[in-house]
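**Q** output the structure for:
(one chain, ligands or ions: 1)
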Amino acid sequence: MSGSAKLTRIASNMTPAAAAVPRLAEPNPIATTPLWWDGVAPAAATRSVPPQRVDVLIVGAGYTGLSAARETAAAGRSTLVLDAADVGGGCSGRNGGQAAYSIKPSFETLRRRHGADQAFRIRKEGAAALAYLRSLSESEGLATGWRPVGVFVGAHTRRHYAELAREAGEQTAGLEQRITLVPKASQHAEIASDFYHGGSVYEDEGSVDPACLLTALYRRATEQGAEVIGRCAVQAIGRAGDGFEVQSALGTVQARQVLLATNGYSGKLSPWHQRRMIPIGSYQIATEPLGAERVRALIPRGRAISDTRRVVVYYRPSADGERIVFGGRSALYETDARACVPRLRAMLTQIFPQLRTVAITHAWVGWVGFTFDKLPHLGSRDDLFYCMGYCGQGVPLAPYFGMRIGQQMVGDPRGRTALDGLPFPSRPFYHGMPWFLAPTILAYRWFDKLGI
Ligand SMILES: Cc1cc2nc3c(=O)[nH]c(=O)nc-3n(C[C@H](O)[C@H](O)[C@H](O)COP(=O)(O)OP(=O)(O)OC[C@H]3O[C@@H](n4cnc5c(N)ncnc54)[C@H](O)[C@@H]3O)c2cc1C
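**A** Residues are numbered from 1 along each chain as shown. Below you'll find the model as predicted:
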């Protein structure tokens, strides 16, 4: 590495909305950097100035961009990855590390939209993504912090428990997951809480350490020869001959191919994509160290946990098993991560009243990229490649689809996916500012309160 340009720890929130948030007047001891980066060296730039010409330029150094870079560099294409923030400064360094079977729409929903055959193949991509994530750790030996602990989903009401039971019993042939139902009477084997009406364990799912996964993908990409530069925003992408001219904060680069791997941080760089991506803030807190024994008493099997409410919460033991990391949507409008602490803490202690007096040491936010059809989208438009829209499931999906789009860019037939060629929907009058979010959250809160 020609390490003259060092990258500092992830600190930026990146969206214009976040930039406009006033700083808290009082000094506050709560760190706004993700817990995952405590004691972990951030990924550094491989060079300080971009080269003038590359085969492949990738915008966004998260799981998608780095995974794609690994493939294009391995195929012998000179590859440059640029990020406006630090390397991994988007969601990839900020997430909850939960790795679930990750295609959101059900088989039935997809069957109605796309027919049974494609629905089946799309759902299969979720399993393939999870398998790929596992293989990074188990076959390639990468240190991703992968823990095959399973995910417990708590039922918010008795009716939700019945729905979980039905879902487990009526799985589509060929798409079965290993699901164990946990009735309320034995719930304490999963969680020291009476908050839920039982739940389901998704046995093949698990968790990673987000910072370790990011670092592992970065290493694999740079080992193959990809160059990575952070704090270098791409400002414009224009056509030049049969390629592109890319203007960045550190100079102009001629690129034969360009990939947008900007997910929830997709801004006006490409208005067509901005009109199709819905950025939604997700907020997390970490407790002070509680000690491994106390954490094990709260979550005996160390599983990642979420529940059936519409306004989703997700939580788990920290990677070192000493704390609880808790996330969700706490505000109607995007706000400062620290401003969310009281509400997130209240949500945490509703589940674990035992934690009422525990201190919060970290609070952070990142922008999840949703789509109108709740599916990821990848492909190319006007020769500009893109891969994005994981709807909060990018821990398994982004490395996997990043790999696939990288393969597509070099003409490798393994890059084909069941999502290729799907229309990427937008909505009239939508230009990237989700005005409908606050009323939707408000309605969802009511539904959750009423248990429907
Ligand atoms: C708080 C939180 C919790 C989450 N928890 C989970 C979870 O438990 N499980 C799960 O599966 N998923 C989770 N997610 C979602 C998951 O993290 C993302 O889906 C995934 O990281 C997306 O990776 P990516 O590489 O596509 O995008 P990102 O990691 O967001 O990277 C996009 C990058 O593009 C860069 N960029 C944008 N515009 C430009 C530009 N003009 N020039 C240069 N760079 C630019 C940004 O700076 C950013 O770094 C969570 C997300 C958040 C925020």
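
**Q** do stretch 222-230 and the ligand meet at all?
**A** No. On the criterion C-beta under 6 Å from any ligand atom, stretch 222-230 is out of touch with the ligand, staying 8.4 Å away. C-beta coordinates here come from the backbone N, C-alpha and C atoms, glycine included.

**Q** show me the contact partners of that stretch.
**A** The contact list for stretch 222-230, computed with C-beta atoms under 8 Å, 6 or more residues apart in numbering, reads 1, 5, 7, 43, 45-48, 50-51, 54, 61, 66, 69-70, 72-74, 78-83, 85-87, 89, 218, 221, 250.

**Q** which ones among these also lie next to the ligand?
**A** Contacts with the ligand within these, counted by C-beta under 6 Å from any ligand atom: 61, 82-83, 85, 89.

**Q** would you convert these into CSV that also reports pLDDT and distance to Pro183?
**A** CSV is the format used below for those (pLDDT from 0 to 100; distance: C-beta to C-beta, whole Å):
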residue, pLDDT, distance to Pro183
Ala61, 98, 45
Leu82, 98, 51
Asp83, 98, 47
Ala85, 96, 45
Gly89, 96, 43
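
**Q** so which of the residues you listed are in strands?
**A** Mapping those onto strands (DSSP state E) picks out Leu82.

**Q** of the ones next to the ligand among the contacts of stretch 222-230, which is the most crowded?
**A** Of all those, Ala61 has the most neighbours under the rule other C-beta atoms under 10 Å, reaching 34 neighbours.

**Q** what residues does the stretch 301-450 of the chain have near the ligand?
**A** Counting by C-beta under 6 Å from any ligand atom, the stretch 301-450 of the chain comes close to the ligand at 314, 327, 366, 368, 388, 390, 392-395, 398.

**Q** tell me the residue of the protein that sits nearest the ligand?
**A** Closest residue of the chain to the ligand, C-beta to the nearest ligand atom: Gly394 (1.9 Å).

**Q** what about that residue, neighbour count?
**A** Residues near Gly394, counting by other C-beta under 10 Å: 28.

**Q** do I have it right that it meets Arg94?
**A** No. If you go by C-beta atoms under 8 Å, Gly394 and Arg94 don't touch, sitting 10.8 Å apart.

**Q** which SS state does the residue nearest to Leu298 when sequence neighbours are not counted fall under?
**A** Spatial nearest neighbour of Leu298, chain neighbours left out: Ala192 (5.0 Å); criterion: C-beta to C-beta, 6 or more residues apart in numbering. Three-state call for Ala192 (DSSP: H, G, I helix; E, B strand; the rest coil): coil.

**Q** helices along the stretch 101-250 of the chain, start to end?
**A** Here the stretch 101-250 of the chain has its helices, by DSSP state H, counting those that start in this stretch, at 107-114, 116-138, 158-169, 210-223.

**Q** Leu110: what's it in contact with?
**A** Listed by C-beta under 8 Å, 6+ apart, the contact set of Leu110 reads 103, 118-119, 122-123.

**Q** related to what we said a few turns ago, mean pLDDT and distance to Trp435 added to the helices of the stretch 101-250 of the chain, as TSV?
**A** What follows is these, written out as TSV (pLDDT from 0 to 100; distance: least, C-beta to C-beta, whole Å):
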stretch	mean pLDDT	distance to Trp435
helix 107-114	96	25
helix 116-138	97	29
helix 158-169	96	30
helix 210-223	97	30
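
**Q** save those as a markdown table, and put in distance to Glu293 too.
**A** Formatted as a markdown table, the helices of the stretch 101-250 of the chain follow (distance: least, C-beta to C-beta, whole Å):
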| stretch | distance to Glu293 |
| --- | --- |
| helix 107-114 | 42 |
| helix 116-138 | 26 |
| helix 158-169 | 30 |
| helix 210-223 | 24 |
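
**Q** roughly how far is stretch 417-425 from the heart of the chain?
**A** Stretch 417-425 has its C-alpha centroid displaced from the chain centroid by 20 Å (C-alpha atoms, centre = their mean, to the nearest Å).
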